[in-house]
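Visitor: My questions are about this predicted structure, shown below with the sequence.
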Amino acid sequence: MKKKNDKLLKELSNIFEKKNLSENDRLSDLENFDSIIILQIMNLAKTQYKKNITGIKIAKCKKITEIINLII
């Protein structure tokens, strides 16, 4: 499970364009958390993890770890 989290965290780091993204990072602290990022996360979940997640669910997340829990 940890290995899958690491892979997803790396993919999220690419989406957020932040090198040292941590599971505990608050989304409100990330300057580019917007609708484009939400669409990219939805696409990642669907194509890589076969999960359909709504933008509303992603927007309600407060931390990176909550996004990871939605996807895995």
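Guide: It's in. Numbering: from 1, shown residues only.
Visitor: And for residue 46, the neighbour number?
Guide: Neighbour count for residue 46, taken as other Cβ atoms under 10 Å: 13. Where you see a C-beta, it was placed from the backbone N, CA and C, and this is true even at glycine.
Visitor: Residue 15 reaches residue 44, doesn't it?
Guide: Yes. The criterion here is Cβ atoms under 8 Å, and residue 15 meets it with residue 44 at 6.8 Å.
Visitor: Flag the shaky bits of this protein, pLDDT-wise.
Guide: Low-confidence segments of the chain, defined by pLDDT under 70, are located at 1.
Visitor: go with 90
Guide: Filtered on pLDDT under 90, the chain yields the residue ranges 1-5, 31.
Visitor: now the helices for it?
Guide: For the chain, the helices defined by DSSP state H occupy 2-16, 35-49, 55-60, 64-71.
Visitor: Could you look over the ones you listed and pick the most buried one?
Guide: helix 64-71 (a mean of 18; mean count of other Cβ atoms under 10 Å).
Visitor: Just want the angle from that one to helix 2-16.
Guide: Angle of helix 64-71 versus helix 2-16, following axes from the mean of the first three to the mean of the last three Cα atoms, to 10 degrees, is 110 degrees.
Visitor: what does helix 64-71 contact?
Guide: 5, 8-9, 12, 21-25, 27, 41, 44-45, 49, 51, 53, 57-58, 61 (Cβ atoms under 8 Å, 6 or more residues apart in numbering).
Visitor: Tell me how far stretch 57-72 lies from the chain's centre.
Guide: Averaged C-alpha coordinates place stretch 57-72 at 6 Å from its chain's average position (Cα atoms, centre = their mean, to the nearest Å).
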